[in-house]
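> sequence and computational prediction follow.
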Amino acid sequence: MVEKAKWIWQDGKLVPWDEARVHVLTHTLHYGFGVFEGIRSYALAGGGSAVFRLDAHLRRLYDSAKIIGLRPAVPLADLHAAVMLVLKENGLREAYIRPIMLVGCGAMGLYAIDNPVGTVVAAFPWGAYLGEEGLARGIRAKVSSFARNHINSAMAKGKICGHYVNNIMAKSEAVHAGYHEAIMLDTAGFVAEASGENLFLVKDGVVHTPGVATVLGGVTRDAVMAIMRDLGIAVVERNIARDELYIADEILITGTAAEVTPVREVDDRPIGAGKPGPVTLKVQAAYFDAVKGRNPAYEGWLTRVR
Ligand code: PPE
């Protein structure tokens, strides 16, 4: 269950958590035509708190809207202010922040271009997405029987509500089979991403990750690639086959919610030594240093909540 906060920002004002509602004929509810984001804020080592890479997430939200042809009702600068307000008024330091743009009531049917667009920002506490144990010891993943949405059917660069039916089916299948997470292949058979994370593998000291064309361009993926470069770790973007996962030395998955989570097993095969490897541990530590303001080199990624 989500731990309630006091206020949710809806269409320009703060409303009490339980009163932030939409009508049952909300267009997005029926067709999935909406866009959203997932952002985290962290308590900082030196006091206070900061949102991690807020500008990158908001840019992606507006890009997602542009990709599907949804006209934002609120300018980006106002949404930026709304995120800050929600964190401050709820007294939240470590939070998961969920902005969403949705098409409201008016016309039904697919073409409802004149329906009002609703804008919401919620924030709430959310611990380790794949569990504290997963973060520390690594998770068990299964290659999904569901292919990731084809990139010419569901636009990969957008974080689009309806696209997640695909991810939810993959995730549910994996969890029901006793795994923590699903790894999805693209329609050509190459490794794409996990149901809610990007994927990296380590082989002979080099990191490999699928190119950004066929996956969501993760903000965490981008941060982790910058961190790897700063640590002197080579990163190659290329097509990766399923069996390369099995013989990888290490696998890690990245996302705002999952942060940097090691993968200790894929399809019942232990990855490397079957526990988080040295590159994963180094990158994970550097990531937490960055988000918690312990490394001044990444100060530019933090928006302080005042
Ligand atoms: N791929 C997918 C499919 C995805 O959903 C996410 C985020 C990522 C990659 C990583 O993107 P980024 O957060 O920008 O590094 N998944 C969100 C969790 C989904 C959920 O609501 O549950 C997230 O991490 O917020």
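The structure has been received and is ready for your questions.
> for the ligand, what's its nearest residue on the chain.
G38 (2.4 Å; CB to the nearest ligand atom). C-beta: built from backbone N, CA, C; applies to glycine.
> okay, buried residues for stretch 31-44 please.
Within stretch 31-44, the residues that count as buried by 16 or more other CB atoms under 10 Å are 32-44.
> circling back to that earlier point, V121 is in contact with the residue of the chain closest to the ligand, correct?
No: between G38 and V121 there is no contact under CB atoms under 8 Å: 11.8 Å.
> F288 falls within a helix, correct?
Yes: per DSSP: H, G, I helix; E, B strand; the rest coil, F288 lies within a helix segment.
> show the contacting residues for it.
For F288, the contact set (CB atoms under 8 Å, 6 or more residues apart in numbering) comprises 259-260, 294.
> of these, just the buried ones, ChimeraX syntax please.
Selecting only the buried entries of the contacts of F288 in ChimeraX, with 16+ other CB under 10 Å as the criterion:
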select :259,260
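> the contacts of F288 also near the ligand: which ones?
With CB under 6 Å from any ligand atom as the criterion, no member of the contacts of F288 is in contact with the ligand.
> checking the residue nearest to D230 when sequence neighbours are not counted next. Helix, strand or coil?
Leaving aside its sequence neighbours, D230 sits nearest to A297 (CB to CB, 6 or more residues apart in numbering; 7.0 Å). The local conformation at A297, judged by three-state DSSP, is helix.
> quick one: neighbours of A297, just the number.
A297 has 12 neighbours, counted by other CB atoms under 10 Å.
> what is in contact with G38 and V121 at once?
Joint contacts of G38 and V121 (CB under 8 Å, 6+ apart) are 97-98.
> now go through the buried residues of stretch 31-44 and say which are in helices.
When the buried residues of stretch 31-44 are checked against helices using DSSP state H, none is located there.
> biggest separation within those, which pair?
Within the buried residues of stretch 31-44, two members stand farthest from each other by CB to CB: F33 and L44, at 37.4 Å.
> can I take it that Y62 is in a strand?
No: judged by three-state DSSP, Y62 forms no part of a strand; its state is helix.
> now do the strands in the stretch 151-300 of the chain.
Ranges of strands in the stretch 151-300 of the chain, per DSSP state E, counting those that start in this stretch, are 181-185, 191-194, 198-203, 206-209, 235-237, 250-255, 259-266, 269-270.
> adding mean pLDDT, write those out as TSV.
Putting these into TSV (pLDDT from 0 to 100) gives the following:
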stretch	mean pLDDT
strand 181-185	98
strand 191-194	98
strand 198-203	98
strand 206-209	98
strand 235-237	98
strand 250-255	98
strand 259-266	98
strand 269-270	98
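> I'd like these as CSV, with distance to G217 appended.
Converted to CSV, these look like this (distance: least, CB to CB, whole Å):
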stretch, distance to G217
strand 181-185, 16
strand 191-194, 10
strand 198-203, 8
strand 206-209, 11
strand 235-237, 11
strand 250-255, 12
strand 259-266, 17
strand 269-270, 29
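> export stretch 87-98 as CSV, just CAs?
What follows is stretch 87-98 as a C-alpha-only set of coordinates in CSV (Å, rounded to 0.1, in the frame of the first residue of the first chain):
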residue,chain,number,x,y,z
LEU,A,87,7.6,18.0,-1.4
LYS,A,88,7.6,21.0,0.9
GLU,A,89,4.0,21.0,1.9
ASN,A,90,4.1,17.3,2.6
GLY,A,91,7.3,17.6,4.6
LEU,A,92,8.8,14.8,2.5
ARG,A,93,12.5,14.5,2.2
GLU,A,94,12.9,11.0,0.7
ALA,A,95,10.0,10.6,-1.8
TYR,A,96,9.0,9.0,-5.0
ILE,A,97,7.4,11.7,-7.1
ARG,A,98,4.7,10.8,-9.7
